[in-house]
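okay, predicted coordinates and the sequence, questions at the end:
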Amino acid sequence: MATFILKKDSLKLGLVLGLLGPALGLIVVYFLKFSSYGFGEFLDYFFNDSKLITSIGALCLLANAVLFTIYINTHRDNTAKGIFATTLVYGIAILIIKVFI
């Protein structure tokens, strides 16, 4: 199954992977650094502390950078475009949250 996903070249797949990458990154950060908090408390703390939004947000987007690199290096350009597009959306959302909240 995993090899099928790596071989597929689809913008839709890229958009889905781009949405899931940072979410998975956020969950990993939660379990590694904040597991003493409840997940709801962690999210509240994350969205209300501008330092955390920047640092953890960047770590979460790192998951997309890895995915993007894999798909670019295997010449799956449509999938890479989807990952890149969602990375931009996440990055802009992090910037908006940091500035306005």
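Cool, the structure landed. Numbering: from 1, shown residues only.

ok, now which ones touch G21?
The neighbours of G21, taking Cβ atoms under 8 Å, 6 or more residues apart in numbering as the test, are C60, L61, A63, N64, V66, L67, I83, T86. Quick note: C-beta positions are derived from backbone N, CA and C, even for glycine.

mind redoing it with 7 Å?
G21 is in contact with A63, N64, L67, counting by Cβ atoms under 7 Å, 6 or more residues apart in numbering.

just those residues now: which is nearest G91?
N64 (9.3 Å; Cβ to Cβ).

tally of neighbours for T54?
Close neighbours of T54, defined as other Cβ atoms under 10 Å, add up to 14.

which residue sits closest to it, ignoring its sequence neighbours?
Setting aside the residues directly before and after it, T54 is nearest to K98 in space (Cβ to Cβ, 6 or more residues apart in numbering), at 6.1 Å.

what's in contact with the helix or strand containing the one you found?
For K98, the enclosing helix or strand under DSSP states H and E is helix 77-100. Defining contact as Cβ under 7 Å, 6+ apart, one finds that helix 77-100 is touched by 8-15, 17-19, 22, 47, 50, 53-54, 57, 61, 64, 67-68, 71-72.

now these: which count as buried?
Buried by 16 or more other Cβ atoms under 10 Å: 9, 13-15, 17-19, 22, 53, 57, 61, 64, 67-68, 71, out of these.

in this protein, which ranges drop under the pLDDT threshold?
1-6 (pLDDT under 70).

for the residue most central in space within the chain, which non-adjacent residue is closest in space?
For the chain, P22 is the residue whose C-alpha lies nearest the centre (Cα atoms, centre = their mean; 1.8 Å). Sequence neighbours aside, C60 is the residue nearest to P22 in space, at 3.9 Å (criterion: Cβ to Cβ, 6+ apart).

my read: that neighbour touches L26, true?
Yes: with contact defined as Cβ atoms under 7 Å, C60 reaches L26; the gap is 5.0 Å.

who's in contact with the residue nearest to the centre of the chain?
C60, L61, A63, N64, Y90.

right, I'll call it a day here.
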